[in-house]
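Peer 1: Structure here, sequence nowhere to be found:
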Ligand code: IPE
Ligand code: IPE
Ligand code: MG
């Protein structure tokens, strides 16, 4: 099978990675950002078209205030640092999620990054922040109404076009690190026929080799999309 057009990753296990070392959770998040840098580079090298990374969910606001605050501060710092990398590598940045729920400064950074990289021809990097798939579906339904669509003209295509992922292709490969076997409200619609790959590796330890292992596993899969295997036709 070919290279997946869209790879989505639920980056999980930062807290456990830090706890294993007797460190505060935020150190795990810092190490997690380093892993993002490496994976971006690896995704470009592998020729992946779209990479979606789940960084902060609509449910993650339930975490203790100091952890959320440190995460936001870290994010702000790294969004600025990543800017140069996006320009060097021709990466197009795109935010997934309810931007109005993010702190003001970060909203500005996200909008600015999207605008500055909009014409880039390379990898499209979707960063999910304040993202929840159910909220995404609700806002898509609202947008259908705002756009004046009549009930009978709402189709899978018209609803899909109003998701935050817009015209990005469906997820081909969905990776979750740290061994958890759940979606946690990530790209429910877009992953309808995604191949799942779960690894025990904690996110800060996930690098280019681990991405290659996931891509190798994907190559072995037989996707049928509800039809029959090629040998049975
Ligand atoms: C993933 O790591 C990053 C975020 C959700 C922000 P976690 O912080 O969930 O790490 P664990 O699951 O507690 O180990
Ligand atoms: C999913 O991880 C969200 C992100 C990776 C941003 P969580 O750690 O929040 O998921 P649960 O709570 O274990 O399902
Ligand atoms: Mg977690």
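Peer 2: Received it, and whenever you're ready, just let me know what you need. Treat the numbers as computed from the prediction; the structure is a model and nothing was measured. Ligands and ions are numbered 1, 2, ... in the order given.

Peer 1: For the residue in the chain positioned nearest to ligand 1, what is the enclosing helix or strand?
Peer 2: At 2.7 Å from ligand 1, residue 15 is the closest residue in the chain, using C-beta to the nearest ligand atom. C-betas here are computed from N, CA, C, even on glycine. Element membership of residue 15 [criterion: DSSP states H and E] is helix 14-20.

Peer 1: Give me the buried positions along stretch 225-233.
Peer 2: For stretch 225-233, the buried set under the neighbour-count rule, 16 or more other C-beta atoms under 10 Å, is empty.

Peer 1: quick revisit: pretty sure the residue of the chain closest to ligand 1 is touching residue 25, no?
Peer 2: Yes: Residue 15 lies in contact with residue 25 (C-beta atoms under 8 Å); the separation is 4.4 Å.

Peer 1: mind listing what the residue of the chain found nearest ligand 2 touches?
Peer 2: At 3.7 Å from ligand 2, residue 184 is the closest residue in the chain, using C-beta to the nearest ligand atom. Residues near residue 184 by C-beta atoms under 8 Å, 6 or more residues apart in numbering: 10, 12, 54, 57, 59.

Peer 1: filter these down to the ones close to ligand 2.
Peer 2: By C-beta under 6 Å from any ligand atom, the members of the contacts of residue 184 lying near ligand 2 are 10, 12, 54, 57.

Peer 1: In the chain, spot the helix with the most residues.
Peer 2: As assigned by DSSP state H, the longest helix anywhere in the chain is helix 65-89.

Peer 1: what helices or strands is that helix leaning on?
Peer 2: Where contact means 3 or more C-beta pairs under 8 Å, 6 or more residues apart in numbering; DSSP states H and E, helix 65-89 is packed against helix 25-46, strand 50-57, strand 92-96, helix 104-117.

Peer 1: List the buried residues of that helix.
Peer 2: Neighbour-count burial for helix 65-89, counted by 16+ other C-beta under 10 Å, picks out 70-72, 75, 78-79, 82-83, 86, 89.

Peer 1: Residues contacting that helix, please?
Peer 2: For helix 65-89, the surrounding residues in contact (C-beta under 8 Å, 6+ apart) are 25-26, 29-30, 33, 36-37, 40-41, 44, 55-56, 60-61, 91-93, 103, 105-106, 109-110, 113, 116-117, 120, 122-123, 125, 129.

Peer 1: so does that helix get close to ligand 2?
Peer 2: No: counting by C-beta under 6 Å from any ligand atom, ligand 2 has no neighbours in helix 65-89; the shortest distance is 9.6 Å.

Peer 1: got the angle between that helix and helix 25-46?
Peer 2: Counting by axes from the mean of the first three to the mean of the last three C-alpha atoms, to 10 degrees, helix 65-89 lies at 20 degrees to helix 25-46.
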